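Trainee: Sequence first, then the predicted structure:
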Amino acid sequence: MKLIKASPFFAILTIMTAFTSSTAIADYKLGDYNLAGTLGLGAQINSAHQKSAKLMEFEDLRQRLYGNAELSLLNEKNEKYSMDFSASRIGLKDQSYALTGGHLGVFKYKFEYDSLVHNYSFNASSFYRGDTIGTGVLTYDAPLRSENSDAFYTPTIPIDASQWTSKFDYSTVSRTYGGEATYNPDNVPYFVTMGFNKVKRTGIKPFSTQSGLISDRQWATTPTTNKAYTTSSMGYMLELPEPIDQTTNNANGTFGFKGDKWLVAVDGNLSKFTNETQNLVWRDPFVTTENFNQTIPLDPSNTYWKLGLQGNLRDLPMDSTLSLKGGYSKLTNSVTLSDQIAYWTLDANQSSPVYYNATLTPSRATFDGNVTYITSGLSFDSKPTDRLSSRVYYNFLRKYNKSSQVTWTITDPDATARIPSAASRVTTESELNELFHYYKHNAGTDFTYKFPFHTKMGAGLEYLGITRDRSDAEATTDWIAHYEIKNNSLDFLTGKIKYQYLARKSVFDNGASGTNANDATYLFRYLRAFDATDKRQHLVKIGFDLEPVENTGIGIEVAGRKSDYTQTVLGRTKDAGYDANMDVSYVCPDRFKVDLFSDVSFTRYLSSHRAFAGSTGNLADPTSGDFYTSSSLYGYNWSSEIHDFVWGYGLNFGIPLLDKKIDLSLGWRQDRSNGNLSYYANPAITTPLDVPWFDDYTKHTLKASARYNISANLTAGLGYRYEKMVYQDIGYDGYSNVLYTTQYKAASNTTTSSVPNTWLTGAYGDHDYTAHVGYVMAEYRL
Amino acid sequence: MAAVGVVLIAAPTVYAAEIKCAECHDKTVNSFSQNHHAKNWKGDPSKGCQSCHGSTDVHLKAQGGKETIISFTKGSKQTVDEQNKQCMSCHAKNIKLTLWKGSKHSKGDVSCSSCHKTHDTTAATKPTSETCMSCHKDIKSAVAKFSHHPIETGKVGCMDCHASHGSNSHGMIKADNVNQLCYKCHAEKRGPFVWEHAPVEENCSTCHETHGTSHANLLKEKIPNLCQDCHDYSRHPGTIYDASRGFKGSAPSAYMVSRSCNNCHSKIHGSNAPHNPFDSYNSGKYFIR
């Protein structure tokens, strides 16, 4: 065992050598069943082990031994009975097992266990105590400081992240256990399917929030008035490790009757999601004069169930099929509402901040979530002639939200101490949550007609109407028309082209927002959400498949999309996307195969915005003059343009050697992304800096593998993978765990810029890597 | 005859008619014998190669040729409809195929044999995501992008979400709508929430491209711009977050670095936290708690 731990490769080779001495095909039997299949043992090494989560995002590439198995049990008396077992990557975090079987044409079953690892980020660090990382209560040990308004703040937490002692990985594992069985004999008029699975997800995931409290470094006296005032508490953020301990139990069943020309079935689903950690409590690092905790509710537990009915009638006149479906589902939960929220005020002298949990008065103690979805659908497909086929359909969806409405009321306990003065403040305010409902009606028709010379033409028209209870966009109506033509009159060429046009019309409800142009909500008259505003979109797709010579395939696909948001003054105004994909493959029978591929996509987003300081004299109206020239330092328009250019290319090559005893595969690809964000504003007001690195990356991948059939029952496999990722982005370039802001000395009105306003843990900051991954595998065939 | 001998030993399910076929197509017949079809037809003398390929008389006389038989490979003289009719003559009653005729694949002239290897051993007959992506090149390109579902590692497959034989839903998805499909795996996003984010409730695809993008979390557009496409207000978020706000800029800011807007608005899919009507900076209404 020591040897195996020290050198997995050597161990595998030793085992392979031992197996090589046994070359006869064994005859394994279990009663009436013959056992066949393969058992494999492998080992992997990784030069970048735990260095970058991006390399191992959904894979466990730790240096480990692992196993594979593919086993079949076949009943020699009745071959219609079978049982198969497969297991892959045994012993690793991404291992999976499946047992399938049944009786052909009568029943089948599947039991499975699957483990899905999701690595978000490795080697994160935090000043929160190690024993609290991954729990629902995060705290740290740091001395408190006394308030001194004329002293520069000195953080009590080390601002040098290398001194943070808690190191951890952001990673979750989802383990799924379950099974499903179907009884569907050919000779009985009914069928039934039952299934159950349990998904258990554990680990730590990146999470973040902002303090929301005026930092005890951020209250001050202004240089001009020498009166206490506050700067905004916005943007005082910190990254937190979110504990993940969630379970989802799912059950499903379908029972139906079937005939030669019809089917009717009822189906049901029940899904219960349980989050073991309902709240995350964290000590606020922006409050250093006391140990002050805040609380965030995490993903709520819930129960979802659905009942559905489906049916169809086939072989109706004109070779038609009528299909119907309907569903009723309900999503519920019950959440105890917090009646406290972190808050702050100034002391009686208006000189020091005071932190406390303010008592809110929610109108009810629990939030009872109750969301209903009603769906129905109908489609009628027919083929009146060999040349003509048609489809007419209608779908309906209603989301009805009958959840609790909660009025949150708060009474300011010390309004006189707040800034601005009490005269301009109310002492009690309340807020009511809105319940979002919507209806969707979707109907359409399409036709396809086959013309001579292997030419097929299609056309369709679709309607989608959405009616919402939403304050800014009451309704949208989409009309989508499409035409397509396909021709394959030449044996070696198939070509197709499709054009689609979308016209979206919206009903907008914010046209009277804001009492006057100095009011920030006046902006809403011009602001449009891009998913719910007027839109015109043109889409074209062209594709070719060629086989110029035997065993050679060429595929080319080009698509373009251009959208114009015709009603929008503020928000996304235009977008466009162009994609091209091409591959060329050649197979030399019994010799080799090669595949070259390339894909390119270009996306462009244009948007317009207004920077507005929100005080009297600074117009919120973006149309008060020319878009760029009518501006002041506190009320000006600006626009942005994003260019995303993503492309990849590579080749795959496979060749059998030594009379097919060795299968050799080689693959190489390069993927690149180049994003740019540019701005335009009146240069007299501001000259924003364009962003040249907007999710830019270059990834090189080289793969090589060989399988050597040593004997009739032994195969050796060897693989190598080289990957290099270089990621550059404005959000991570020059990554630092702490950002700073200006602090004020209250009495002397002097400033410095060393107070932390952002505490990060390193999440997603480890995308770059260079990795050599190798594996060796021995497979024994039973 | 040597080839026939091998077939007989390794494939006990082969019946007499297949022996003739195996004289030329020994590998195919051998592989077929391990297949579901062969196992299911065992003992039924009326079933065999001719069940799918039709009469072989002309084929035998002509000593081969795709034009002399019902063929399912490239160069077949049968139309796709005719090929598929052969399969549907037995499989039409399959409960998963009842919507095949109206499906996009059927109308797009996709033959059953494009995806199903009817001669292969049982394990190899099932289509994989690679099968789908041999036609859907744009999707193959998308799943290789920076942000993606674990499709290439085989943990998520096309058929987990799509009913390739037909569905009454758009995109042939296995749910009534996009959100109900996503919620099958992402149950933690279901809510219900006191504070809902309307586009989240209406359609996950408004912000996410499920097959893969070059932006984190399968987002269609990078944040903060994606958020700013809908949100503007006094001071924030209508401010320009330009290169000066990056770590290397003159005014590094949590508005731009790391996850940008999501740094503070991390509960963007919905929140059950209280709202402070006086001071919204730590309120559920703005998805900060």
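Mentor: It's in.
Trainee: Tell me where the model's unsure across the stretch 51-200 of chain B.
Mentor: B:122-125 (pLDDT under 70).
Trainee: ok, now chain A?
Mentor: Chain A contains residues with pLDDT under 70 at A:1-27, A:146-155, A:214-235, A:346-353, A:412-428, A:625-627, A:629-631, A:742-754.
Trainee: Now do the helices in it.
Mentor: A:2-6, A:8-20 (DSSP state H).
Trainee: My guess is B:G238 contacts A:R610. True?
Mentor: Yes - using CB atoms under 8 Å, B:G238 is in contact with A:R610, at 5.6 Å. C-beta: built from backbone N, CA, C; applies to glycine.
Trainee: Need the residues touching each of the two.
Mentor: With contacts defined as CB atoms under 8 Å, 6 or more residues apart in numbering or on different chains, the residues adjacent to both B:G238 and A:R610 are A:523, B:232.
Trainee: how about the strands in the stretch 151-289 of chain B?
Mentor: Taking DSSP state E, counting those that start in this stretch as the test, none of the stretch 151-289 of chain B falls into strands.
Trainee: Pick out the residue in the stretch 101-250 of chain A sitting closest to chain B.
Mentor: When distances are taken as CB to the nearest CB, the stretch 101-250 of chain A approaches chain B most closely through A:G212, which lies 2.5 Å from it.
Trainee: per-residue pLDDT, the spatially closest residue to that residue that is not a sequence neighbour?
Mentor: Spatially, and ignoring its direct neighbours in sequence, A:G212 is nearest to B:N282 (2.5 Å; CB to CB, 6 or more residues apart in numbering or on different chains). On the pLDDT scale, B:N282 is placed at 84.
Trainee: Now do the contacts for B:N282.
Mentor: A:209-213, A:294, A:341-342, B:276, B:288-289.
Trainee: Mind doing that once more with 7 Å?
Mentor: Contacts here follow CB atoms under 7 Å, 6 or more residues apart in numbering or on different chains; on that basis B:N282 touches A:212, A:341-342, B:276, B:288-289.
Trainee: shouldn't the residue of the stretch 101-250 of chain A closest to chain B be in contact with A:A342?
Mentor: Yes - if you go by CB atoms under 7 Å, A:G212 and A:A342 touch, sitting 6.4 Å apart.
Trainee: ok, A:A161 - how many residues close by?
Mentor: The burial metric for A:A161, expressed as a neighbour count using other CB atoms under 10 Å in any protein chain shown, is 17.
Trainee: which non-adjacent residue is nearest it?
Mentor: Counting by CB to CB, 6+ apart, the residue nearest A:A161 is A:N737, at 3.6 Å.
Trainee: how close does the one you found get to chain B?
Mentor: Separation of A:N737 from chain B (CB to the nearest CB, to the nearest Å): 10 Å.
Trainee: isn't that residue right next to A:A763, touching?
Mentor: No - in terms of CB under 7 Å, A:N737 does not count as a neighbour of A:A763; the distance is 10.4 Å.
Trainee: Let me see the contact set for A:Y439.
Mentor: Contacts of A:Y439 were listed using CB under 7 Å, 6+ apart, and they are A:398, A:467.
Trainee: And stretch B:263-282, end to end?
Mentor: Between the opening and closing residues of stretch B:263-282 lies a distance of 13 Å (CA to CA, to the nearest Å).
Trainee: In three-state terms, label B:S89 for me.
Mentor: Assigned with DSSP: H, G, I helix; E, B strand; the rest coil, B:S89 falls in the helix class.
Trainee: Now that A:S598 has come up, it's in contact with A:V584, right?
Mentor: No - counting by CB under 7 Å, A:S598 does not reach A:V584; the two are 8.9 Å apart.
Trainee: Return the distance of the helix or strand containing B:A142 from the chain's centre.
Mentor: Counting by DSSP states H and E, the element that carries B:A142 is helix B:137-143. The chain centre lies 11 Å from the centre of helix B:137-143; the measure is CA atoms, centre = their mean, to the nearest Å.
Trainee: need the contact list for the most centrally placed residue in chain B.
Mentor: By CA atoms, centre = their mean, the mean C-alpha position of chain B lies nearest to B:C158, the distance being 1.9 Å. B:C158 makes contact with B:129, B:132, according to CB under 7 Å, 6+ apart.
Trainee: returning to what we had before: show me what the helix holding B:A142 is packed against.
Mentor: Here helix B:137-143 is seen to pack against strand A:552-564, strand A:571-588 when contacts are counted using 3 or more CB pairs under 7 Å, 6 or more residues apart in numbering or on different chains; DSSP states H and E.
Trainee: Please save the CA atoms from the first one in PDB.
Mentor: Put plainly, it is strand A:552-564. Coordinates of each C-alpha in strand A:552-564 appear next as PDB, following Å, rounded to 0.1, in the frame of the first residue of the first chain:
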ATOM      1  CA  THR A 552     -15.000  13.800 -46.200                       C
ATOM      2  CA  GLY A 553     -17.500  16.100 -44.500                       C
ATOM      3  CA  ILE A 554     -17.600  19.800 -44.300                       C
ATOM      4  CA  GLY A 555     -20.100  21.600 -42.200                       C
ATOM      5  CA  ILE A 556     -20.600  25.400 -42.200                       C
ATOM      6  CA  GLU A 557     -23.100  27.400 -40.200                       C
ATOM      7  CA  VAL A 558     -23.400  31.100 -40.100                       C
ATOM      8  CA  ALA A 559     -26.000  33.000 -38.100                       C
ATOM      9  CA  GLY A 560     -26.700  36.700 -37.500                       C
ATOM     10  CA  ARG A 561     -29.100  38.500 -35.200                       C
ATOM     11  CA  LYS A 562     -29.700  42.200 -34.900                       C
ATOM     12  CA  SER A 563     -32.100  43.800 -32.400                       C
ATOM     13  CA  ASP A 564     -33.300  47.300 -32.000                       C
END
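Trainee: quick one: that strand to chain centroid distance?
Mentor: Relative to the chain's own centre, strand A:552-564 is displaced by 25 Å; criterion: CA atoms, centre = their mean.
Trainee: Of all the helices and strands packed on helix B:137-143, which one is nearest chain B?
Mentor: Closest of the helices and strands packed on helix B:137-143 to chain B is strand A:571-588, at 3.9 Å (criterion: CB to the nearest CB).
Trainee: and the closest one, which strands flank it?
Mentor: Taking DSSP bridges as the criterion, strand A:571-588 forms sheet pairs with strand A:552-564 (antiparallel), strand A:592-612 (antiparallel).
Trainee: Touching the first one from outside, list them.
Mentor: With contacts defined as CB under 7 Å, 6+ apart, strand A:552-564 is touched by A:535-548, A:574-586, B:137-138.
Trainee: run the last query once more with 6 Å
Mentor: Under the contact criterion CB atoms under 6 Å, 6 or more residues apart in numbering or on different chains, strand A:552-564 has outside partners A:535-547, A:574-586, B:137.
Trainee: what about burial for the residues you listed, which qualify?
Mentor: With neighbours counted by 16 or more other CB atoms under 10 Å in any protein chain shown, the contacts of strand A:552-564 contain buried members at A:535, A:537, A:539, A:541, A:543, A:545-547, A:574-585, B:137.
Trainee: Include distance to A:D696 when you put the helices and strands packed on helix B:137-143 into TSV, please.
Mentor: Listed next are the helices and strands packed on helix B:137-143 as TSV, based on distance: least, CB to CB, whole Å:
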stretch	distance to A:D696
strand A:552-564	23
strand A:571-588	18
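Trainee: residues near B:T213, how many?
Mentor: Counted by other CB under 10 Å, the residues lying close to B:T213 total 25.
Trainee: meant to ask about A:L570, not that
Mentor: Other residues lying near A:L570 total 26 when counted by other CB under 10 Å.
Trainee: Give me the secondary structure label for B:D81.
Mentor: In three-state terms, and counting by three-state DSSP, B:D81 is helix.
Trainee: wait, I meant B:K85
Mentor: Three states are possible here, and by three-state DSSP the one that applies to B:K85 is helix.
Trainee: Would you check how far apart it and B:K104 are?
Mentor: B:K85 sits 19 Å away from B:K104 when distances are taken as CB to CB, to the nearest Å.
Trainee: partners of A:S115 in the sheet?
Mentor: With DSSP bridges as the criterion, A:S115 is bridged to A:R175.
Trainee: Does it touch A:Y177 like I think?
Mentor: No - the pair A:S115 and A:Y177 fails to qualify as a contact (CB atoms under 6 Å) at a distance of 9.9 Å.
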